[in-house]
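**Q** sequence and predicted structure are below.
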Amino acid sequence: MSSSSVQGSGLSVKSPLRSGKPPNILVLCQDDKMRQQIANVLRSIIATDRHVIYEIRWEQVSVGGWAEQTALLVVSGPIPDPNHVSILLQFLGDGGRLFAWCCETPPFGLSVSDEDINGSVVYGSSQTQPLSLRNCGWGTVKDLNSVPPKFPRILETNDSEGISRPLTSSVFGKTREMSESVILMLDGGVLGGKAVLSQVHFEDSGENESSAALLSTILNQNLGLDCQKIKAPEYEIGFFLGDHKRIEDFLSSNPSKLEQTELVMEFVPRGEQGPKPNHQLLPVHYFECPQKFSTVEYFESLDTRELGRLLIYTDVMSSVMNILNGNPLTHGFTAIARQQTSGRGRGKNVWLSPEGSALFAFQLHVSGDSGIGRRLSVLQHLAALSVVLSVPAYKEIGLKVKWPNDIYLKDQKMGGILVESLMNGKIFLVNIGIGVNVSNAYPTICINKALAELKLIDKDIDASPFTPERLIARTLNNLEKFLDSVEEEKSLDATLRLYVENWIHSGEEEVRVEVSEGKFATCLLQSVDDFGFLRVKDVTTGHVFSVQPDGNSFDITNRLISIKQ
């Protein structure tokens, strides 16, 4: 698809790909306190195992890179720049969902309001208790679902291709006392977006159950979010797995209670009960086997010397990275969880961790004088490539890497890599965390669904379902082979060529690179250099330069490389 510019902004805003189920909810508000209040109210309503709430600022909207993964954009207070209004309208034109929460800028809200009032809101066949409302509305109406007197019946929006996507307005909620329109519904039909404009101060409603019921109705029925709260999973004990000699060697050289940065691991002999696990304590039983993890399939699929040969598995824990962060463990030490309660990605990103995902992390001890040690930045690329190649039918289902550390299934993200490192003498301690959707149907897409669809088309192809055990083992097999190859050949050329052959970027595609804050250059995407940095060519000057992954993010939908905020 081609992209079009938002008038006056100089920014390219591409049509979001909405064939999947984007998990993010973004809260936009200039007032820090108000933004936090809104986010907290939303967390109490929505299913937090399926959606992640981020509090962002308006300057981040201007940079881009948010639309593709956004399930809902919540806007409150004044909108500081008219260009932002244009971006929001195009977001709706591209099929986005928007909730204007006491917004003060037309067309998403009303700029003039007297002192707030209390009033009951009538919607559907229900009525709330008195709520805090802005003392303004879109005119009095007799009936719900009618056209609001002080709002256009049709709000014009265009998608990224310039095609008209009009939104039809109707009254969703009115005050019982004055019949004033205080909640509007904007509907763009099958291809267009949806928006709810509200003058209700939901953040001030406290324990008002009728307020929560109204908000839940808006989020679920009108905007399509999952508001079914599930019970948080309880933390489970861990299991120390591997051959007995490796386990005994590890236990003899480490204390029985190993204190990591954010987690204490207490090793428990077979037959003993041990303490109860919690967010910061993981009892690890050794010489016992878990019920929900197939040690047979895992070790039969594993073909490594070191990686994954010694591991801790648990059904539920905070984050597998917490097992590794702190005291050095051993090269190849691996942590695997069935579910995480606090999974995380790069920066401040949150990684949703439902059952059916492959959730694992491992520690590498890399000499600073080795081939990899001199180019440590390529490890995230090798890890992502190892995941892709672990699936025999990766080409047929469209499994690819996205620079620098994401895994995509066709046009949807379904995996990611997190790499953290520190120096310990002359050795780099590198902790690599990986999350991949294997059989989980949410929040986006999974490998097994793609394999099942492929099997319907070609019954002769090897498209048998995957398990997390098999994918993890095969990923570790691939990565150890890559590491060996680099040291034996003293070169990364062949490996990086394989990475480029399997990335999602096509040819010399055009991208816009933020070369300094707010300043962009149009460039052609070329390849990666010896350090895994992205190589781009400025189409105006012909200058070729590298873009480092640690300082930039790449939004493939907008063809935009921007400085990380």
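**A** Thanks, I have it.

**Q** mind telling me what element Asn478 is part of?
**A** For Asn478, the host element (DSSP states H and E) is helix 468-489.

**Q** packing partners for that helix?
**A** Under the contact definition 3 or more C-beta pairs under 8 Å, 6 or more residues apart in numbering; DSSP states H and E, helix 468-489 sits against helix 295-301, strand 334-340, strand 357-367, helix 379-389, helix 493-501. All C-beta atoms are positioned from the backbone trio N, CA, C, and that covers glycine.

**Q** same for the third one, what does it pack against?
**A** Spelled out, that is strand 357-367. Using 3+ C-beta pairs under 8 Å, 6+ apart, strand 357-367 sits against helix 321-324, strand 334-340, strand 427-437, helix 468-489.

**Q** which strand runs longest in this protein?
**A** For the chain, the strand with the greatest residue count under DSSP state E is strand 412-424.

**Q** packing partners for that one?
**A** helix 379-389, strand 406-409, strand 427-437.

**Q** for the ones you listed, which has the smallest mean pLDDT value?
**A** Here the helices and strands packed on strand 412-424 differ in mean pLDDT, and the lowest is strand 406-409 at a mean of 91.

**Q** so what are the sheet partners of it and their directions?
**A** Looking at strand 406-409 with DSSP bridges, its partner strands are strand 399-402 (antiparallel), strand 412-424 (antiparallel).

**Q** buried stuff in stretch 237-253?
**A** 237-242, 246-247, 250-251 (16 or more other C-beta atoms under 10 Å).

**Q** contacting residues around it?
**A** Where contact means C-beta atoms under 8 Å, 6 or more residues apart in numbering, the residues beyond stretch 237-253 that reach it are 265, 267-268, 274, 277, 282-290, 293, 295, 309-314, 317, 329-330.

**Q** ok, His543 to Lys519 distance?
**A** 14 Å (C-beta to C-beta, to the nearest Å).

**Q** off-centre distance for stretch 420-436?
**A** In terms of C-alpha atoms, centre = their mean, to the nearest Å, the centre of stretch 420-436 is set 22 Å apart from its chain centre.

**Q** ends of that stretch, what's the gap?
**A** Stretch 420-436 stretches 18 Å from its first residue to its last (C-alpha to C-alpha, to the nearest Å).

**Q** equivalent analysis for stretch 142-149, please.
**A** End to end - C-alpha to C-alpha - stretch 142-149 spans 11 Å.

**Q** in that stretch, what's buried?
**A** For stretch 142-149, using 16+ other C-beta under 10 Å, the buried residues are 144, 147-148.

**Q** what is the nearest of these to Val500?
**A** Pro148 (53.7 Å; C-beta to C-beta).

**Q** which residues are in contact with the closest one?
**A** Counting by C-beta under 8 Å, 6+ apart, Pro148 has contacts 138-139, 141, 169-171, 181, 184.

**Q** most tightly packed of the strands paired with strand 406-409?
**A** strand 399-402 (a mean of 23; mean count of other C-beta atoms under 10 Å).

**Q** alpha carbons only: can I get that one in CSV?
**A** C-alpha atoms of strand 399-402 as CSV (Å, rounded to 0.1, in the frame of the first residue of the first chain):
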residue,chain,number,x,y,z
LEU,A,399,7.3,-16.6,9.3
LYS,A,400,10.0,-13.9,9.1
VAL,A,401,12.2,-11.6,11.2
LYS,A,402,11.7,-7.9,11.5
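
**Q** contacting residues around it?
**A** Contacts for strand 399-402 (C-beta under 8 Å, 6+ apart): 381, 384-385, 388, 391, 394, 407-409, 413, 447, 450, 499, 502-505, 554, 556.

**Q** hmm, which of those residues are the buried ones?
**A** Of those, these count as buried by 16+ other C-beta under 10 Å: 381, 384-385, 388, 391, 394, 407-409, 413, 447, 450, 499, 502-505, 554, 556.

**Q** quick one on the thing from earlier: for the helices and strands packed on helix 468-489, which one sits closest to Gln90?
**A** Gln90 lies closest, by C-beta to C-beta, to one member of the helices and strands packed on helix 468-489: helix 379-389, at 31.1 Å.

**Q** can you tell me which helices and strands the closest one packs against?
**A** strand 399-402, strand 406-409, strand 412-424, strand 427-437, helix 468-489, helix 493-501.

**Q** direction included, what does the helix or strand just after the last one pair up with?
**A** Think helix 493-501. Per DSSP H and E, the first helix or strand lying C-terminal to helix 493-501 is strand 510-516. Paired neighbours of strand 510-516 in the sheet (DSSP bridges): strand 519-528 (antiparallel), strand 560-563 (parallel).
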